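1. Sequence isn't available, so here's the structure alone:
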C-alpha cells in the first residue's frame with residue numbers, strides 16, 4: 001500500500017499489544033510503545049488514531065500533532081467534555 005508519509009505515534013499499553021502484532025514498534029518500560037505509522041494524508045491519520053479513543057497520539061511531524069489537536073478541539077466544542 002502506498003503511504004508517502006510516516007508519523008511517530010505513541011500507543012498506550014493497551015493499544016500497544018495490538019499494534020505490535022501489526023507493525024514493528026519500540027516498547028517502552030511502562031508497556032506503551034512508539035511506532036512509525038505510515039499514512040497517505042492527515043485526515044486519514046487523525047481518523048486512524050481516533051479509533052483508539054485516546055490510547056494513541058501523534059508525536060511528529062508537527063502537522064500531524066496540530067491536525068489531531070484541531071480535531072479534538074472541534075469534537076469538544078461540538079460534544080463537550082464528557
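-> Good, I have the coordinates. Bear in mind the structure is a predicted one, so any value in this text is a computation, not a measurement.

2. Touching the lengthiest helix in the chain from outside, list them.
-> In the chain, assigned by DSSP state H, the helix with the most residues is helix 62-79. The contact list for helix 62-79 (CB atoms under 8 Å, 6 or more residues apart in numbering) reads 7, 39, 42-43, 45-46, 49-50, 57-59. All C-beta atoms are positioned from the backbone trio N, CA, C, and that covers glycine.

3. Quick check: residue 25 vs residue 60, distance?
-> Using CB to CB, to the nearest Å, residue 25 is found at 15 Å from residue 60.

4. Between the two, which is the more surrounded one?
-> residue 25 (17 against 12; other CB atoms under 10 Å).

5. What is the burial count for the closest residue to that one other than its chain neighbours?
-> Counting by CB to CB, 6 or more residues apart in numbering, residue 25 lies nearest to residue 33, which is 4.0 Å off, once chain neighbours are set aside. The number of residues packed near residue 33 is 21, by other CB under 10 Å.

6. What ranges does the protein have for its strands?
-> Here the chain has its strands, by DSSP state E, at 5-11, 25-27, 33-39, 56-60.

7. hmm, back to that, give the full set of residues in contact with the residue nearest to residue 25.
-> 10-11, 16, 19-20, 25-27.
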